[in-house]
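Asker: next input, structure requested:
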Amino acid sequence: MFEKNLTKKVQDVVLEGHIPAKDVSRAIKKPYSTLLRELNPFDAHAKLGAETMFEIVKATRNVSVLEFMAREMGYTLMPVLKTARRPRQEDAVTKVREREATM
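Answerer: I've put the predicted structure just below:
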């Protein structure tokens, strides 16, 4: 049942979202008719792939599908704050090397 609910959530994002479904199909480079078939939770012969679902989430910038999946698994979904980004180790190493090169 989870699979059909998930497919229905993705279908809702595409068909009822703020971006027209044809624009979503163009953004993910999938024919419109194929996309609609894959989004049909009652079509037993067409399945929505994880890669396609991820492309839809990226194209629509709607994470409600991810939130649904997290909730079903007992998790929560939180955005990463860009301002709280920790410097990567490579950044620190690069800065040290640059300082050493100028000495």
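Asker: tell me which element residue 66 falls in.
Answerer: Taking DSSP states H and E as the definition, one finds residue 66 inside helix 64-72.
Asker: and the contacts of that helix?
Answerer: Surrounding helix 64-72, the residues in contact under the criterion Cβ atoms under 8 Å, 6 or more residues apart in numbering are 2, 5, 6, 9, 10, 13, 53, 56, 57, 76, 77. Backbone N, C-alpha and C define where each C-beta goes, glycine included.
Asker: apply 7 Å and report the result again.
Answerer: Outside helix 64-72, the residues within contact range by Cβ atoms under 7 Å, 6 or more residues apart in numbering are 2, 6, 9, 10, 13, 53, 57, 76, 77.
Asker: from those residues, which would you call buried?
Answerer: 6, 9, 10, 13, 53, 57 (16 or more other Cβ atoms under 10 Å).
Asker: now do the contacts for the third one.
Answerer: Just to be clear, that refers to residue 10. 39, 48, 53, 56, 65.
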